[in-house]
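Novice: quick one: sequence plus predicted model below, questions after.
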Amino acid sequence: MGNASGVSVEELNACESHQWYRKFMSECPSGQLTLHEFKKFFGLKNLSDSSNEYITTLFNTFDINDDGCIDFMEYVAALSLVLKGGVQQKLRWYFKLYDVDGSGSIDRDELLLIFKAIRAINGTEQEISAEEFTSLVFDKIDLNGDGVLSLEEFMEGIQADEMLLKMLTQTLDLSHIVKKIYSEMCSEQQLT
């Protein structure tokens, strides 16, 4: 997922942490980021139904305590995952993101829905269609052929296939969001 503007979590000193906090509190004076504010925060409007579902699922994966809001600690945890998270952490998060219904497994429809929504939001064309990607994932890693992926199948299968890991990582790269926040923070700092 990369690092934004050359910044890593280790480099976020007390001053920068304070800036992250100021940015968060200026956007969310209550200290709680709701789904509506989350969409506004990232400039997401006029979304299709599938894109809106994806954003809701993304929001819910960052809402660690399931209270319907993202507080500053959850915000920092999300930034830490994006900037510093290892492959295992990111794959667990991807699995949670793809498991739209929270059943503990991913079916073809969930994977296809989220993958289409991600592409719509990112606005990028890929060499492979969302349908082809979904089929490829299931053909390669649904070893027992039951039509659903368990966390174990997902983790092991993606890690064992360099091409799938690269595609998944590139598709879910959120560093552009972190870069946007960071550049806005730097602009605000220069104005003060």
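Specialist: Perfect, thanks for sending it.
Novice: CA only for contacts and neighbour counts going forward, please
Specialist: Noted.
Novice: could you pull out the buried residues of the one helix or strand G157 maps to?
Specialist: Using DSSP states H and E, G157 sits within helix 151-160. By neighbour count on 16 or more other CA atoms under 10 Å, the buried set for helix 151-160 is 151, 153-155, 157-159.
Novice: from those residues, pick the one nearest T169.
Specialist: Distances from T169 to the buried residues of helix 151-160, taken as CA to CA, are shortest for I158 (10.2 Å).
Novice: I'd guessed that closest one sits against L164; true?
Specialist: Yes. Applying CA atoms under 8 Å, one finds I158 in contact with L164, separated by 5.9 Å.
Novice: L44: what secondary structure?
Specialist: coil (DSSP: H, G, I helix; E, B strand; the rest coil).
Novice: tilt between the following helix or strand past the helix holding G157 and helix 151-160?
Specialist: Next helix or strand after helix 151-160 toward the C-terminus (DSSP H and E): helix 162-171. If you take axes from the mean of the first three to the mean of the last three CA atoms, to 10 degrees, helix 162-171 sits at 100 degrees to helix 151-160.
Novice: what packs against helix 162-171?
Specialist: The contact analysis (3 or more CA pairs under 8 Å, 6 or more residues apart in numbering; DSSP states H and E) places helix 162-171 against helix 151-160.
Novice: and which of the buried residues of helix 151-160 is nearest S48?
Specialist: Using CA to CA, these come closest to S48 at F154, 27.5 Å.
Novice: ok, the closest one - contacts?
Specialist: Contacts for F154 (CA atoms under 8 Å, 6 or more residues apart in numbering) come out as 95, 141.
Novice: give me that answer again for 7 Å
Specialist: By CA atoms under 7 Å, 6 or more residues apart in numbering, the residues touching F154 are I141.
Novice: how far away is it from D142?
Specialist: Computed as CA to CA, to the nearest Å, the F154 to D142 distance reads 8 Å.
Novice: repeat for E131
Specialist: Taking CA to CA, one finds E131 at 16 Å from D142.
Novice: at which residues are the helices of the chain located?
Specialist: 14-27, 35-41, 49-62, 72-84, 87-98, 108-122, 130-141, 151-160, 162-171, 175-191 (DSSP state H).
Novice: as JSON lines, those helices with mean pLDDT would be great.
Specialist: Below are those laid out as JSON lines (pLDDT from 0 to 100):
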{"stretch": "helix 14-27", "mean pLDDT": "73"}
{"stretch": "helix 35-41", "mean pLDDT": "81"}
{"stretch": "helix 49-62", "mean pLDDT": "79"}
{"stretch": "helix 72-84", "mean pLDDT": "77"}
{"stretch": "helix 87-98", "mean pLDDT": "84"}
{"stretch": "helix 108-122", "mean pLDDT": "79"}
{"stretch": "helix 130-141", "mean pLDDT": "90"}
{"stretch": "helix 151-160", "mean pLDDT": "93"}
{"stretch": "helix 162-171", "mean pLDDT": "81"}
{"stretch": "helix 175-191", "mean pLDDT": "54"}
